[in-house]
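>>> Structure for the following, please:
(chains A and B)
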Amino acid sequence: MPKQLVSLIIDGQSVSVPAGTLIVDAAKQVGIDIPVFCYHPKMEPVGMCRMCLVEVGRPVIDRVSGQPVIEGGKPKIQFGAKLETACTTPVSEDMQVVGMSEKARTGRKEIVEFLLTSHPLDCPVCDKGGECPLQNLTMAHGSSESRFKFDDKQHQKKHVPLGDLIWLDRERCIQCARCIRFQGEIVGDAVLDFFRRGRATDIVTYSEPGFDSIFSSNTTDICPVGALTTADFRFGARPWEMNSAASICTHCPVGCNTTLNIRREARSDGNMVIKRIMPRQNEQVNEIWLCDKGRFAHHFSASPDRLAKPLVRTGELVTESSWEEALNLAARSLVEAKQDFIVLAGGRLANEDLFNLKALADGLGGKAALYTHMGGGYLTTLAGVSMDTNFGEMGAGTSILVAASDLYNEAPLWYLRIKQAAARGATLILAGARETKLEKYAAHVIRYAYGDEAQTIKSMQKSKAGQAAAEALASAQNLVVLYGSDGLGLEGSASLAEACAGLLDMTGHAGKPGSGLIGVWPHANDQGAWEMGFQPVADLAAEFKNKLVYIAACDPVGDDPALAEALKSARFVIVQELFQTETTRLANVVLPAQAFTEREGSFTSGERRVQRFYPALPAFGETRPDFSITASLAQKAGLELEGTSALLIMNKIASKYKSFEGLSYARLAEVREQWPLVGRGDIYYGGAIYANTQGLGTRLALLEAGSLPGTKPVESKRPSESELLAIPVCKIYDRGVTVLPSTLLHPHIGDASVSLHPDTAVRFKVQAGSTAQLTVNGTAYQVKVLVDEKVPASVALLPRSMGIPINTPATISLKAA
Amino acid sequence: MSLTEKYPQEVKKILAKYPPEQKRSAVMPLLYLAQRQEGYATRAAMQDIADLLAITPTDVASIIGFYTLFHDEKEGRYRMQVCTDLPCALRGADQFLQELCTNLQVQVGQTSEDDLVTIEEVKCLAGCDKAPMFQLQGENGIEYHENMTVDKTLELIEALRKSGKEVK
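Purely as a prediction, here's the structure:
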């Protein structure tokens, strides 16, 4: 129900805004800037900094009649004796706000003067200089000279590491508490707080390790001074020296909008380099936030392991070659292989790359497969979410079911937004075999044993805890179901997807706007691959045998050394990659590809939003975009594919796939005004986040579903008394090829570890913190033992991508090393 | 030893005073309990309190930082907090503080050599007419000592020193 509108006058302008709006926001909507430091449009107001002081007048109410007193045909307005804070005062009917009077100006000037008494004014060496609200608002509202004695200045520590990613400069802090409130209100990890009082007030963290949050870097964006800086960008560059390019984060299926800040610099041998990654506003995807992985794990595009030239193998000898030679050899082998070839594509490829790979496989009669451990994506293309779903608007009436997924580690921004949806009244239901962080906010928790995932969803009403949850699902106006692969391999997750799609169908939510199924994929563009008809294969080793294998953007041998033998049995191996990997080492031809930072393209997020990314850096060495490499290869093998422009490929995608119908690069680049306003000249308001001027992307259309196809139920592995079952789980900071080159994150990545219940540890005679020998599929690995009461008995949690191949639950042996 | 193991009855009693959904309100009485023996709250005690009340150790630390009677650093077994605000100074409190420090061979804010007493200078303690006066914070809580002289104070310190030895 729309709120009642309230009319008021701010500095002579009439404004009508919904009741409850704060004066500062009402003013902002008509372009009047009331300066703030502590107020932030995403957080509750606190009125701490006093910068937003204005004169407020309200109609005089006659005590007898209760009606406004009329004077000269107008309501009589009484102004308060003192200035009021515009950030804590809600608007009221016929209110008059004056921000431009001498009285209000003086108030603001004095507040700035107070703030500066403790501030070092070290703008010339401050990272925030150039995009600093304090600097800007001092210029606009402050005094040109200081009355404060320089010797009376506070001197505080200037280099305080809050954690290993964020540094605090105590002198610069103006105690607005934006960082504290962000961590407490928005993230729900209250790891920052004030310590002491008055001028001695300090920001502290007592978490172990310090500032223990995967969203910590957002505090540096909203900090209105240079008090908080990231270890990555600190002393790195001045804001005005950098250019920016719009991009999309490639680390998870959320598809956060980002801006890459780049600069040509001497210390990087005169090359263009990425200096930092900033969030770019998209209120339907990441709002104005970005997780620390997305912000800091960008160094891979400049990794020393990048391939610059094609490589060709002759016997044991691998030599650099020209594109012509490498492509000719690859194409010749492709033609010779006839239909005996398989294309294996990774989920970090763009839609355009995937389209060409699929077209090549279809055109020449081969097979196209997606390299993933998670199945069921076909169902998300039929019963996925469409136009009307937005976590940011979900509240009462919406139920959200998260099954077998640890969103905090797998898709941090979904964690953040679903937590807030629950706070707004959405019913959150978590189904999981172990406790995850999001459970704190859930209305219902359904606990099952690993192996029972699909069955639990199918027979939810039968358990006591499940019954209440099932009712909440059935009665919900909108139902969004997220499923993941916590403890599940390809078959298990496909089976769970089928159960979840069945649930949507059964409760009448399938195909309805505002409802749908979301896969929490391991990669950024797995959804795009599913939309184009890629399917994963269960047994890669069997698929490789005697075939030509064309691998793009994935490292199956690095993930599972057992596949090395299988790949050796292939007749010819073409690998298209960014880096040298274990897989490229076994290739006959290696084709160097451009990173997403060097080219253009689009990704499809887990919420089926297609979003464009733009080139930021010049191409590395002789690399080419993936879609162009595939097109050249196809052409030499006698198949014409579009390889000159990503835009033209998108047009082809739009005409071939029904869900992409009507999409074009122009449409993906459309923007409209978003609230809150951020990233323009007035960074004091929302923070240093970039405004979105390059495209909000578009959701894919829902297909005419009809009845959903069923999959065969599979028998999952279950732990038995005598053995130990390894359960693959996801860890945000892993040893993935795109994460590891960021050395900054290494303390968070740590060593390969296994988590056990204390009883299990006793049973296998291993101690917490010790190193143990873990044997999986006949290969032994050294792992660190972690003991945690939250781990179910008789299983061992083994993070994926930490050096131990584990895609699906497997029996392992464990002993003290 | 955790706080609950050390004072099981007291912790239970404190928690019982607050409704379970607002148990974080118990943070202040628990902090008094935590600093009773050592005179300050250890990192481990902060963690214990955080776990008991389902808040973060940072939340607990912030309370310690805000209130002057909570301490997070080891000082003397007793804290002698002398008021030197204007009315007290008119009755000689500032001179009293100086002489006391000279006798104990410490500066304001420092602790006597035997770790027995820390001398602190504080704002109004609401005992202006009985200055020089101070409050003594120790294991038995807070006591007021009014109309004091340096000699009387040194006697008090001597008595505290003896009682401490007896306890040992």
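>>> Can you list the neighbours in contact with the helix or strand harbouring B:N103?
Element membership for B:N103 (DSSP states H and E) is helix B:93-104. Residues from elsewhere that reach helix B:93-104, judged by CB atoms under 8 Å, 6 or more residues apart in numbering or on different chains: B:82-85, B:88, B:107-108, B:112, B:117, B:119, B:121, B:131-133, B:148-150, B:153-154, B:157. C-beta coordinates here come from the backbone N, C-alpha and C atoms, glycine included.
>>> Off-centre distance for stretch B:80-98?
19 Å (CA atoms, centre = their mean, to the nearest Å).
>>> pLDDT on that stretch, on average?
Here stretch B:80-98 scores 96 as its mean pLDDT.
>>> ok, now stretch A:653-672?
For stretch A:653-672, the per-residue pLDDT averages 95.
>>> How about stretch A:410-430?
For stretch A:410-430, mean pLDDT rounds to 97.
>>> Would you map the helices across chain B?
Under the criterion DSSP state H, chain B contains helices at B:3-6, B:8-16, B:27-34, B:43-53, B:57-66, B:86-90, B:93-104, B:150-167.
>>> now do the stretch 201-350 of chain A
All helices of the stretch 201-350 of chain A, identified by DSSP state H, counting those that start in this stretch, fall at A:218-222, A:292-296, A:323-336.
>>> Out of the helices of chain B, the one nearest A:E185 is which?
Minimum separation from A:E185 across these (CB to CB) falls at helix B:57-66, 13.5 Å.
>>> Please name every helix or strand in contact with that closest one.
strand A:193-195, strand A:202-204, helix B:27-34, helix B:43-53 (3 or more CB pairs under 8 Å, 6 or more residues apart in numbering or on different chains; DSSP states H and E).
>>> Tell me which of these sits nearest to A:A761.
Closest approach to A:A761 among those (CB to CB): helix B:43-53, 21.7 Å.
>>> how near is the residue nearest to A:S569 when sequence neighbours are not counted to A:E565?
Of all residues not flanking A:S569 in the chain, A:K545 sits nearest, at 5.0 Å (CB to CB, 6 or more residues apart in numbering or on different chains). Distance of A:K545 to A:E565, given as CB to CB, to the nearest Å: 10 Å.
>>> Over to B:E120?
In terms of CB to CB, B:E120 sits 74 Å off from A:E565.
>>> So between the two, which is more surrounded?
Remark: of B:E120 and A:E565, B:E120 carries more neighbours, 20 against 12, as counted by other CB atoms under 10 Å in any protein chain shown.
>>> can I assume that one is in contact with B:V108?
Yes. Between B:E120 and B:V108 a contact is recorded at 7.1 Å, counting by CB atoms under 8 Å.
>>> Spit out the contact partners of the closest residue to A:G270 other than its chain neighbours.
Excluding the flanking residues, the one nearest A:G270 by CB to CB, 6+ apart is A:R264, at 6.5 Å. Counting by CB under 8 Å, 6+ apart, A:R264 touches A:270-273.
>>> A:R264 bridge partners, please.
Beta-bridge pairing for A:R264 (DSSP bridges): A:M272.
>>> So how do I select the buried members of the contacts of A:R264 in PyMOL?
Applying 16 or more other CB atoms under 10 Å in any protein chain shown to those leaves a buried subset, and the PyMOL line that selects it is:
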select buried, chain A and resi 272+273
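>>> and which of the contacts of A:R264 is nearest to A:A616?
A:M272 (8.0 Å).
>>> check contacts around A:T738.
Counting by CB under 8 Å, 6+ apart, A:T738 touches A:250-251, A:297, A:300, A:348.
>>> next one: A:T644
A:T644 makes contacts with A:628, A:631, as judged by CB under 8 Å, 6+ apart.
>>> for it, phi and psi?
phi -90, psi -30 (degrees, to the nearest 10).
>>> That one and A:T775, how far apart?
Plainly put, A:T644 is 51 Å away from A:T775 if you go by CB to CB.
>>> I figured A:D94 hits A:G57, correct?
No. Between A:D94 and A:G57 there is no contact under CB under 8 Å: 9.1 Å.
>>> So which residues make contact with stretch A:183-199?
Applying CB under 8 Å, 6+ apart, the contact partners of stretch A:183-199 are A:42-44, A:118, A:154, A:162, A:175, A:177, A:179-180, A:201-207, A:211-213, A:215-216, A:219, A:289, A:416, A:419-420, A:440-441, B:55-56, B:58-59, B:61-62, B:64-66.
>>> Buried ones only from the residues you listed, please, as a ChimeraX command.
Buried residues among these (16+ other CB under 10 Å), as a ChimeraX selection:
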select /A:42,43,118,162,175,177,179,180,201,202,203,204,205,206,207,211,212,213,215,216,219,289,416,419,420,441 /B:55,56,58,59,61,62,64,65
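>>> Excluding sequence neighbours, find me the nearest residue to A:K512.
Distances taken as CB to CB, 6+ apart place A:N478 nearest to A:K512, at 7.4 Å, with adjacent residues excluded.
>>> most tightly surrounded among the helices of chain B?
Each of the helices of chain B was scored by mean neighbour count; the highest is helix B:57-66, a mean of 22, by mean count of other CB atoms under 10 Å in any protein chain shown.
>>> So what touches that one?
So helix B:57-66 is contacted by A:190-197, A:202, A:204-208, B:24, B:27-28, B:31, B:41, B:43, B:46-47, B:49-50, B:53, B:70-72 (CB under 8 Å, 6+ apart).
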